[in-house]
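Engineer: Build me a model from this:
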Amino acid sequence: MSRAIVFSTLLTRSDRGAPVQSAALGRALRRAASGSGSLGLRAMAFSAALLALLLFAISAQAEDMESESGEESSFARDGLYIAGNLSGTWYTDVKSDVRDALTSLGYSFPMEVEKPLGLGVRAGYRFLPHLAAEAHFQWYASADIELDVQTNKANAIQLETLAFTGNLKAYLLTGRVQPYLLTGIGVLHVSTDDKLNLNVVDEGDAFVARFGGGLDFYINDHFAFIAEGGYLLPTGKLDNLNQVVWSVGLQYRF
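Structural biologist: This is a model prediction of the structure:
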């Protein structure tokens, strides 16, 4: 079925005024979401940012107290760590590419790109008080790029991403609260379902760079709360899938 026929079918109404849905794209049309999920995601990210700022302010006081005591921080010791996290992402560029593809076909629809949640795990080794290296695996659930077609939403493209990077973390402080900067390289894998054959998002693997920063807040000598924000920058055929990412989770130090 050609794109012209697909869009004509989406825009056609029956004699009673109800939208007529093609069998091929029946599952692509659904009722409009209320938007509460998006607001909830933004609220979580905003809360994480506020918490990060608060912990950063506390860290300066904690570091000063530690320096005055003259004791070496046990939180900066060498050794292995593992962590798990809940995260979310924003795809920053793909919306404009979809809009350009539709414009070239003579169509213009309001659209929304979902901001999916995901899960991640990481394992690393702290080999200096201010430096660590880690392997980081991150999965993000399917995200729909939806078009507002009359009273329905048409799911134009569905995509899912997996990222694996090796990271270096530079810790600015070594007390109970430890802000850090992070950089890494690795591979991004993307699975897509291009329901309208727009050929905007490629499928497959590409190199990716990761940049970011965060905070480790130690509850005790072994457990720490982590909050992190960053950016994924893929290359090659996936270079329109740049992602702003955030995560919160729990870390265990051996």
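Engineer: can we go C-alpha only for contacts and neighbour counts from here?
Structural biologist: Noted.
Engineer: Next, the contact list for Val244, please.
Structural biologist: Thr89, Trp90, Tyr91, Thr92, Gly229, Gly230, Tyr231, Leu232 (Cα atoms under 8 Å, 6 or more residues apart in numbering).
Engineer: could I have the one helix or strand it maps to exported to CSV, CA atoms only?
Structural biologist: Using DSSP states H and E, Val244 sits in strand 243-253. Taking Å, rounded to 0.1, in the frame of the first residue of the first chain, the C-alpha atoms of strand 243-253 are listed here in CSV:
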residue,chain,number,x,y,z
GLN,A,243,19.0,11.3,23.3
VAL,A,244,18.9,13.3,26.4
VAL,A,245,18.9,10.8,29.3
TRP,A,246,18.4,10.7,33.0
SER,A,247,18.5,8.0,35.6
VAL,A,248,18.1,7.3,39.3
GLY,A,249,19.1,4.1,41.1
LEU,A,250,21.0,2.2,43.8
GLN,A,251,24.7,1.3,43.8
TYR,A,252,26.5,-1.4,45.8
ARG,A,253,30.2,-1.1,46.7
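Engineer: Look up how far Glu134 lies from Gly229.
Structural biologist: 16 Å (Cα to Cα, to the nearest Å).
Engineer: next one: Leu147
Structural biologist: 39 Å.
Engineer: Can you spell out which residues form a bridge with Tyr180?
Structural biologist: For Tyr180, the beta-bridge partners are Tyr171, Gly214 (DSSP bridges).
Engineer: The helix or strand harbouring Gly118: what's the following helix or strand?
Structural biologist: Using DSSP H and E, Gly118 maps to strand 117-128. Following strand 117-128 in sequence order, the next helix or strand is strand 131-149 (DSSP H and E).
Engineer: Paired strands for that following strand, with orientation please.
Structural biologist: Here, using DSSP bridges, strand 131-149 pairs with strand 111-113 (antiparallel), strand 117-128 (antiparallel), strand 152-171 (antiparallel).
Engineer: what mean pLDDT does the longest one have?
Structural biologist: Looking back up the chat, that one is strand 152-171. Mean per-residue pLDDT for strand 152-171: 87.
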